[in-house]
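Mind looking at a prediction? Sequence and model below.
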Amino acid sequence: MPDWVQILFRSLGALSVLFLFTRILGKKQISQLSFFEYVMGITLGELAGFVSTDIEKHYFYGILAMSVWFFIPFSMEWLLLKSQKLRIWFEGRGTILVKEGKVLESNLKKERLSADELMEQLRGKNVFNVADVEFAVMETNGKLSVLLKKSKLPLTASDVGIKTVNEVEPQAVIIDGNIMTEPLSTLGLSPGWLKTELQKVGVAPENVFLGQVDAYQQLYVDLYDDKLKVPLPQGKALVMATLKKTQADLELFALSAKNPDAKKMFENNAQSLDKLIRDLKPVLQG
């Protein structure tokens, strides 16, 4: 068998095994590496390279070596979940670099960080003034976590007493001009409904790069041709306008009614609808 064919099959085999091992070890291996996981990842990659190209060595021995280096981090992950002492030993602890606006120089030296590097990481968190920081902690994965002082935190809806609602994930119903039936079914909609909505904005499905429908059945489309402008959905605005018009009609009926009971009924319904409009305002105007 030619050498290039052997290298091809050995590479495919090593890649498949490495991919399988990585999947079993989990997403942490590619997102938040500890020192131990970093070393294991490099070693597995090196072994995969040797197995692929060193055709003079027995293929099984290479796979066996990869299996050993896979079993070590896999076993260690299990042990680290069970023992806090082992977690501290292998992964270390977070280091406080800033406390109450004061840089802790001794901890900075411990992590081998300069003042410039600290400021660079703070700027990466949109923090430009150390005095605004309550705590800044260097995590075990090397990332900086920052807590601003309460007076420097941005206002939230709860701070100003605004009611909010939980958003529901929009569904991609058109991808690369193809209608996705499963996301439509998730929203309780049909391809016919989608085609009708596209006709309203004068767009054919094959001209849509990406189309999304939110929980309020509003369709957003992104076309292949970026020069074309598509009107934004007006579903929420239409519902709000209809509710306000209905409330105004009820108030008008109450003013014009001569029967006291009818007048009272219209007034009560207008007040109930006014309360409903206030409750729905964060949703329909968000």
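Thanks, I have the structure now.

Tell me where the stretch 151-286 of the chain has strands.
171-175, 178-179, 208-213, 219-223 (DSSP state E, counting those that start in this stretch).

possible to save these as a markdown table with distance to V230, mean neighbour count and mean pLDDT?
In this view, the C-beta of every residue, glycine as well, is placed from N, C-alpha and C. Compiled in a markdown table, the strands of the stretch 151-286 of the chain are given as follows (distance: least, Cβ to Cβ, whole Å; neighbours: other Cβ atoms under 10 Å; pLDDT from 0 to 100):
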| stretch | distance to V230 | mean neighbour count | mean pLDDT |
| --- | --- | --- | --- |
| strand 171-175 | 12 | 19 | 92 |
| strand 178-179 | 17 | 14 | 92 |
| strand 208-213 | 9 | 20 | 92 |
| strand 219-223 | 5 | 18 | 89 |
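
where does the stretch 1-150 of the chain have low pLDDT?
Counting by pLDDT under 70, the stretch 1-150 of the chain has low-confidence residues at 1-15, 17-19, 21-41, 44, 50-57, 59, 62, 69, 73, 90-91.

Please enumerate the helices of it.
3-25, 28-31, 35-53, 59-82, 84-91, 105-110, 115-124 (DSSP state H, counting those that start in this stretch).

Same check on the stretch 151-286 of the chain?
181-186, 191-200, 235-256, 260-284.

Could you export those as CSV, including mean neighbour count and mean pLDDT?
Formatted as CSV, the helices of the stretch 151-286 of the chain follow (neighbours: other Cβ atoms under 10 Å; pLDDT from 0 to 100):
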stretch, mean neighbour count, mean pLDDT
helix 181-186, 14, 89
helix 191-200, 14, 90
helix 235-256, 14, 84
helix 260-284, 14, 84
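
could you dump the ones you listed to TSV with distance to E117?
Formatted as TSV, the helices of the stretch 151-286 of the chain follow (distance: least, Cβ to Cβ, whole Å):
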stretch	distance to E117
helix 181-186	45
helix 191-200	51
helix 235-256	46
helix 260-284	42
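
Quick one: the strands of the stretch 151-286 of the chain as JSON lines, columns for distance to L198 too.
Formatted as JSON lines, the strands of the stretch 151-286 of the chain follow (distance: least, Cβ to Cβ, whole Å):
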{"stretch": "strand 171-175", "distance to L198": "8"}
{"stretch": "strand 178-179", "distance to L198": "10"}
{"stretch": "strand 208-213", "distance to L198": "7"}
{"stretch": "strand 219-223", "distance to L198": "7"}
